[in-house]
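**Q** this is the structure alone, sequence omitted:
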């Protein structure tokens, strides 16, 4: 399997594959590349409908140039904690960011989430995020505001009274429950609309069916989230013990 960065010819093949409606896995197979490489390449360069081979190639060259400028000459990147491979970690961060984007998270918000999750402490200040991601403070502020609105990060004060943005094992539970509450508000609105339209009308019946569906899904998600939270906070050794 070839390694290294994608060539311009490979990017052209990706663009042709997308135009033909091929799945990422099939494009990757034809290039003899990992599917994650193709997925990351497309998602960071306009997505499946906006991908352009020449623009993607130039953007990659610009990013590589910026990284070279940011690194002082004659110095090496500091060693990673726990003996981690710096290049492998960078590649995984991009892959993780791409996966979050495919799940519907906007790009800047996905970058911030990846940064926080791949930090051993699970927390960073705004200035640390600015330095790490090489973006403006305004970009970080906007991303954090979005993530807080989705309960995907929480804010704490450290000993220097700085805001720190934190992710932990409970964040996804809290975000799931916040989503359930938002859906409940939507259900109330839909049911109100059914009354406005008239209970015996086709439009009202459609809205009632939507409310019933959302109610069932919400109940299922809530039960699963509560169970998942219990499993999450149960030590692994207790889960592994066979019942007698």
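**A** Thanks, I have the structure now. The structure displayed is predicted, hence computed values, not measured ones.

**Q** rest of the way, CA atoms for contacts and neighbours
**A** Fine.

**Q** how about the residue nearest the centre of the chain: what's its closest non-neighbour residue?
**A** Nearest to the geometric centre of the chain sits residue 100, at 2.0 Å (Cα atoms, centre = their mean). Nearest residue to residue 100, sequence neighbours excluded (Cα to Cα, 6 or more residues apart in numbering): residue 110, at 5.7 Å.

**Q** domain assignment for this structure?
**A** 8-69, 87-166, 171-240 (automatic domain parsing).

**Q** please name whichever of those is nearest to residue 81.
**A** Closest approach to residue 81 among the domains of the chain (Cα to Cα): domain 87-166, 8.9 Å.

**Q** one step back: just put the domains of the chain in CSV and tack on mean pLDDT and distance to residue 81.
**A** Below are those laid out as CSV (pLDDT from 0 to 100; distance: least, Cα to Cα, whole Å):
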stretch, mean pLDDT, distance to residue 81
domain 8-69, 84, 21
domain 87-166, 90, 9
domain 171-240, 90, 24
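
**Q** quick check: phi and psi on the residue of the chain positioned farthest from its centre?
**A** Using Cα atoms, centre = their mean, the residue of the chain lying farthest from its centre is residue 200. It sits 42.9 Å away. Main-chain dihedrals, residue 200, degrees, to the nearest 10: phi -100, psi 10.

**Q** if I look at it, how far off is residue 206?
**A** As judged by Cα to Cα, to the nearest Å, residue 200 and residue 206 stand 11 Å apart.

**Q** and the nearest residue to residue 136 once chain neighbours are set aside, what does it touch?
**A** Distance criterion Cα to Cα, 6+ apart; nearest residue to residue 136, sequence neighbours excluded, is residue 130 at 6.2 Å. Residues near residue 130 by Cα atoms under 8 Å, 6 or more residues apart in numbering: 136, 137, 140.

**Q** which of those residues count as buried?
**A** Neighbour-count burial (16 or more other Cα atoms under 10 Å) applied to the contacts of residue 130 gives residue 140.

**Q** need the contacts of residue 130 in JSON lines (columns: secondary structure).
**A** Listed next are the contacts of residue 130 as JSON lines, based on DSSP: H, G, I helix; E, B strand; the rest coil:
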{"residue": "136", "secondary structure": "coil"}
{"residue": "137", "secondary structure": "helix"}
{"residue": "140", "secondary structure": "helix"}
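
**Q** and which of the contacts of residue 130 is nearest to residue 167?
**A** Using Cα to Cα, the contacts of residue 130 come closest to residue 167 at residue 140, 15.4 Å.

**Q** the residue nearest to residue 136: which element?
**A** helix 126-133 (DSSP states H and E).

**Q** which elements pack onto the biggest helix by length in the chain?
**A** Taking DSSP state H as the criterion, the chain has its longest helix at helix 202-232. Helix 202-232 sits against helix 171-197, with contacts defined as 3 or more Cα pairs under 8 Å, 6 or more residues apart in numbering; DSSP states H and E.

**Q** any idea how far the helix it packs on is from the chain center?
**A** 23 Å (Cα atoms, centre = their mean, to the nearest Å).

**Q** by contact count, what packs against it?
**A** helix 202-232.

**Q** now do the buried residues in the helix it packs on.
**A** Those buried within helix 202-232 under the rule 16+ other Cα under 10 Å are 204, 205, 207, 208, 211, 214, 215, 218, 221, 225, 229.

**Q** and residue 226, how far from residue 179?
**A** Distance check for residue 226 against residue 179: by Cα to Cα, it reads 14 Å.

**Q** tell me which residues in the helix or strand where residue 14 lies are buried?
**A** Following DSSP H and E, one finds residue 14 within helix 8-19. Residues of helix 8-19 classed as buried: 10, 11, 12, 13, 14, 15, 17, 18 (neighbour count, 16+ other Cα under 10 Å).
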